[in-house]
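S.K.: Take a look and give me a structure for this.
(one chain, ligands or ions: 1)
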Amino acid sequence: MLKPELVEKLNEQITSEANAAQIYLQMCLWCEDLGLAGAAAFFRSHVSEEMSHRDRLVDYMIECDAKVALEAIPAPRADYKDLIEVINVAYAHEQMVTKQIHDLARIALDDDDFSTFNMLQWFIAEQREELMLFRGIVDYIRLSGFDGTGGDEMVNMNKYLAGLSASHAS
Ligand code: OFO
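M.R.: Just a heads-up that it's a prediction; the model follows:
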């Protein structure tokens, strides 16, 4: 039986994962509008990934016979200055989600809820992977001299993100 605080926090996390899917879909569409098919594919691949995170949490709640209460998802931001800002916002978002997951793990441990703590190990590893992924993109931007505008660097950035979307389909 999950403690009420944990039920509430897990429900919030379910909404947070669905919210991430909306944010990434809007980022994908922003890229599509600019003809950046590779960058769009990268963000699109994250949409299904976030939905699978949501479903993983929903399934856990069902296994624990806990009540799932879906909440409203705010409209995602639709406008960005350039692709660098999109990447930075996505990276900051993953850092925030990582903190949410760590906070959940701390609550589970404080409650001696080892089952939830065990379930959250998957998310802890997943967030470590997500942070590594986005940190790699930020490094690529710095090393390539990409300044967010068009030209060869934009073409290369688009190709780089297309490659990541192909290798990061999980
Ligand atoms: Fe669910 O990992 Fe991103 O937000």
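
S.K.: Could you look up the SS state of D147?
M.R.: Classification of D147 using DSSP: H, G, I helix; E, B strand; the rest coil returns coil.

S.K.: Can you list the residue ranges for helices in this protein?
M.R.: 4-33, 37-63, 83-110, 114-144, 152-167 (DSSP state H).

S.K.: Columns mean neighbour count, mean pLDDT and distance to R77 on top of those helices, output as CSV?
M.R.: Using the backbone N, CA and C atoms, a C-beta is placed for each residue, glycine as well. Converted to CSV, the helices of the chain look like this (neighbours: other CB atoms under 10 Å; pLDDT from 0 to 100; distance: least, CB to CB, whole Å):
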stretch, mean neighbour count, mean pLDDT, distance to R77
helix 4-33, 19, 98, 7
helix 37-63, 18, 98, 13
helix 83-110, 17, 98, 7
helix 114-144, 15, 97, 17
helix 152-167, 16, 93, 19
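
S.K.: Is it possible to get the ones you listed out as TSV so that each row also shows distance to the ligand?
M.R.: Listed next are the helices of the chain as TSV, based on distance: least, CB to the nearest ligand atom, whole Å:
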stretch	distance to the ligand
helix 4-33	4
helix 37-63	4
helix 83-110	4
helix 114-144	5
helix 152-167	14
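
S.K.: can you put those in JSON lines and add distance to I73?
M.R.: Shown next, in JSON lines, are these (distance: least, CB to CB, whole Å):
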{"stretch": "helix 4-33", "distance to I73": "5"}
{"stretch": "helix 37-63", "distance to I73": "10"}
{"stretch": "helix 83-110", "distance to I73": "14"}
{"stretch": "helix 114-144", "distance to I73": "19"}
{"stretch": "helix 152-167", "distance to I73": "23"}
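
S.K.: out of those helices, which comes closest to P76?
M.R.: helix 4-33 (4.0 Å; CB to CB).

S.K.: what angle sits between the closest one and helix 152-167?
M.R.: 130 degrees (axes from the mean of the first three to the mean of the last three CA atoms, to 10 degrees).

S.K.: Would you check that A69 makes contact with E12?
M.R.: No: checked against CB atoms under 8 Å, the pair A69 and E12 is beyond contact range at 9.7 Å.

S.K.: Report the set of residues contacting both of the two.
M.R.: Jointly contacting A69 and E12 under the rule CB atoms under 8 Å, 6 or more residues apart in numbering is no residue at all.
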